[in-house]
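Visitor: Here's a sequence, model it:
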Amino acid sequence: MFIYKDGEVTIEPKMLFIPEFKKIWERDTSKKKEKAKKEFAFIYFMADFKSEYNSYGLEKEDNIAKDIMGNNKYKADELILEAIEKYEKLQETYSMRYLKSVRQTIDSLIKYYEDISYSKSDKTFSPEKVIKASTEIEKIIITLEKWERKVQTEEVEMTIRGGGKVGMFEDEDKATWIHPKKQ
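Guide: The predicted structure follows:
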């Protein structure tokens, strides 16, 4: 969908047939489309299941806003949110949906445990429950890692079966499996 080439992000021309992406492209009336390209990068890092920013969990959007948009107070407008949703749907399989669900569960649980603090006056605090829950989280993390491998394997198999395709930020000129060298 998006290609990183010569130090900048651009969109595959066929993606401009999709209304959510076309509107972003067209609203940037500048010649070089710098704003649109940044917004496409923001969309990619927010929505792609392989995004390097997934490790930030609940702080993902803030970190992308700071690093990509250059403004840690940046908030995606409705058009960007629609494009993120479309991007997610275009790449989603059942395995990916499950993976996303497990990631959200783990992020929420980690946030919950980060906020817990023991107090002698708190009669509802139960160390036994925390220990039991920690064991359950470990099982969920193992499941997460398993599903991440499964989703990555699915993508590789789909690529190979489909005859090869360029990844989101790959240079098509270097994709020798698509354009075999002529002898």
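Visitor: tell me the contacts of T105?
Guide: I140 (CB atoms under 8 Å, 6 or more residues apart in numbering). The way it works is simple: take the backbone N, C-alpha and C, and place the C-beta from them, glycine included.
Visitor: Can you pull the phi and psi angles for the most centrally placed residue in the chain?
Guide: Centre of the chain computed as the mean C-alpha position; nearest residue by CA atoms, centre = their mean is D48, 3.1 Å away. Phi and psi for D48, reported as degrees, to the nearest 10, are phi -70, psi 130.
Visitor: All the helices of this protein, in order from the start?
Guide: 19-27, 34-47, 60-68, 78-91, 94-115, 127-161 (DSSP state H).
Visitor: can you count the residues close to the closest residue to M1 other than its chain neighbours?
Guide: Using CB to CB, 6 or more residues apart in numbering and skipping residues adjacent in sequence, the residue nearest M1 is M15, 5.3 Å away. Neighbour count for M15, taken as other CB atoms under 10 Å: 20.
Visitor: Quickly note the distance from M15 to I106.
Guide: 31 Å (CB to CB, to the nearest Å).
Visitor: what does T135 give?
Guide: Taking CB to CB, one finds T135 at 14 Å from I106.
Visitor: which of these two has more neighbours?
Guide: Between T135 and I106, counting by other CB under 10 Å, I106 is the more crowded of the two (16 against 8).
Visitor: wait, doesn't the more buried one sit right on K139?
Guide: No. The pair I106 and K139 fails to qualify as a contact (CB atoms under 8 Å) at a distance of 10.8 Å.
Visitor: Can you check which residues contact both of these two?
Guide: Counting by CB under 8 Å, 6+ apart, nothing touches both I106 and K139.
Visitor: So, low pLDDT: which residues of the protein?
Guide: Residue ranges of the chain with pLDDT under 70: 4, 8-9, 117-120, 155-183.
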